[in-house]
Structures are given as structure tokens and as C-alpha cells.
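1. Okay, structure incoming, though there's no sequence with it:
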């Protein structure tokens with residue numbers, strides 16, 4: 001697990017300076033994040049953690065709601081976080097940007113009303129431990145929204161082969177789950193009122209409550 005996290009961190013450190021100017025990355029996150037925000041519709045003054053926050057694209061979009069949200073972000077890559085801090089420094093409600101692993105989140109139990117995880121879950125070596133930690137830091141009845149590429153059907157094996165060929169250092173052990181398997185994992189970790197839907201064909205939205 002440690003080696004996989006180190007490889008992921010190194011890869012994203014390399015990408016950090018150009019990540020936001022790569023059209024595919026920015027557009028992919030921007031539109032997915034808009035769906036995340038509209039689905040969760042966070043209440044004014046609530047606390048929100050974005051796990052795998054990268055360069056802070058979602059957090060910046062959340063600040064524009066002007067609801068006094070208490071925003072936090074966590075990522076494995078110091079390079080990505082450096083960009084996020086520069087971007088978010090002007091927003092008073094978003095000061096808690098931390099380096100850390102989802103396998104051991106550096107937050108107290110019952111800390112957040114909302115937790116999001118957008119396009120990063122497939123990088124986590126221990127899926128159940130990651131979900132366990134995200135549930136732990138949620139307040140009672142708090143909501144998790146996990147969005148990630150999930151291809152069921154005939155295109156799944158082809159997509160995995162292309163991804164592994166393009167990113168041999170980082171992507172050899174990623175976890176791309178089917179819709180049913182993702183539901184099974186959420187059930188196993190005690191999430192309730194689970195709802196799932198596909199967004200723009202490739203992205204599976206998984207909404208669950210503590």
C-alpha cells in the first residue's frame with residue numbers, strides 16, 4: 001500500500017504545475033464537480049471535506065456558493081496542495097488544506113457534515129479502509145458523495161488495458177469498481193440510504209449517509 005501511495009504522489013507532483021491548464025483534466029473535474037455540488041447542496045455554515053482534493057478545483061467552486069462553508073481538503077501530493085493553497089488563500093472559509101492519506105485521515109471522529117471523493121477513489125490501495133475512514137469522520141447522518149469512473153459491460157476491460165498502458169508506473173493496481181461492487185462496499189462499511197447514478201456515461205455517483 002505504501003509503495004502505491006508513493007508512486008501516486010510522485011506522479012501527481014510532476015503533474016501539479018500543469019494540471020489545471022490541461023483541458024481534459026479541468027473540464028472533467030469542473031462539470032463533475034458541478035453535479036457534486038448540486039447533488040449535495042450543502043447547507044449554509046456546514047463543514048465539508050474533499051478527500052483527494054488535488055489543486056482545489058471543487059473547493060474553489062464551493063466557495064462561490066457564498067454559504068459560509070467550513071471547507072477542508074486533503075491530498076497525497078504536496079505539489080497539488082501547493083497549487084490549491086495559492087488558489088484558495090483568498091477565501092477565509094478554506095484554510096485547512098492538509099497533506100495526508102485517506103487510509104488514516106487526520107481528523108477527529110464526527111467532524112464533517114459532508115465528505116466528497118471525486119475521481120480519486122481508484123488510487124486508494126485499501127478501498128474498505130478508505131471508506132471506513134471517510135465514514136468515521138462524518139457526523140451522524142452526514143453524507144458521502146463518491147464519484148469515480150466505473151465502466152460496466154464490454155468497454156470495461158478495454159478501458160483498463162488502455163489506462164494501464166498509458167500509466168504503467170501508477171495505474172497497475174488501481175480499483176475500477178462496477179456499480180454493484182461499489183454498492184456492496186458501501187453496504188459493508190455501514191453506509192445507509194445509498195443512491196447510485198451514472199453521470200455523462202463514465203462517472204458513477206455514489207451517495208450514502210452515516
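-> Right, received. Where do you want to start? Values in this document were obtained by computation on a predicted structure and should not be read as measured data. Residues are numbered from 1 along each chain as shown.

2. where's the closest residue in space to residue 148 that isn't next to it in sequence relative to residue 86, distance?
-> Leaving aside its sequence neighbours, residue 148 sits nearest to residue 121 (Cβ to Cβ, 6 or more residues apart in numbering; 4.6 Å). C-beta here means a position set from N, CA and C on the backbone, and glycine is covered the same way. Going from residue 121 to residue 86 by Cβ to Cβ, to the nearest Å gives 26 Å.

3. Same check on residue 179?
-> In terms of Cβ to Cβ, residue 179 sits 37 Å off from residue 86.

4. mind checking the longest strand of this protein?
-> Taking DSSP state E as the criterion, the chain has its longest strand at strand 138-149.

5. In that one, which residues are buried?
-> Residues of strand 138-149 classed as buried by neighbour count (16 or more other Cβ atoms under 10 Å): 138-139, 142-149.

6. I'd like the residues you listed written out as CSV, with pLDDT added.
-> Output for the buried residues of strand 138-149, formatted as CSV (pLDDT from 0 to 100):
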residue, pLDDT
138, 98
139, 98
142, 98
143, 98
144, 98
145, 98
146, 98
147, 95
148, 92
149, 84
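
7. farthest pair in the residues you listed?
-> 139 and 149 (28.6 Å; Cβ to Cβ).

8. Between residue 121 and residue 86, tell me which one has more neighbours.
-> residue 121 (27 against 11; other Cβ atoms under 10 Å).

9. ok so, going back, for the residue nearest to residue 148, what are phi and psi?
-> When read as degrees, to the nearest 10, the backbone of residue 121 gives phi -60, psi -30.

10. That one contacts residue 134, correct?
-> No. Residue 121 is beyond contact range of residue 134, at 9.6 Å (criterion: Cβ atoms under 8 Å).

11. what's the overlap in contacts for these two?
-> Jointly contacting residue 121 and residue 134 under the rule Cβ atoms under 8 Å, 6 or more residues apart in numbering are residue 146.

12. List the residues that contact the residue nearest to residue 148.
-> Counting by Cβ under 8 Å, 6+ apart, residue 121 touches 52, 127, 130, 146, 148, 175.

13. ok, now how distant is it from residue 153?
-> 20 Å.

14. now the helices for the protein?
-> Assigned by DSSP state H, the chain shows helices spanning 2-15, 23-40, 57-63, 78-88, 127-137, 155-166, 179-188.

15. what's the least confident stretch among those?
-> Sorting the helices of the chain by mean pLDDT places helix 2-15 lowest, at a mean of 58.

16. Give me the nearest residue to residue 98, chain neighbours excluded.
-> Closest to residue 98 by Cβ to Cβ, 6+ apart is residue 74, at 5.0 Å.

17. can you count the residues close to the one you found?
-> By other Cβ under 10 Å, neighbour count at residue 74 equals 23.

18. try residue 124
-> 25.

19. just residue 185 next, same as before
-> Residue 185: 18 surrounding residues under other Cβ under 10 Å.

20. Equivalent analysis for the one 10 residues further on, please.
-> Close neighbours of residue 195, defined as other Cβ under 10 Å, add up to 12.
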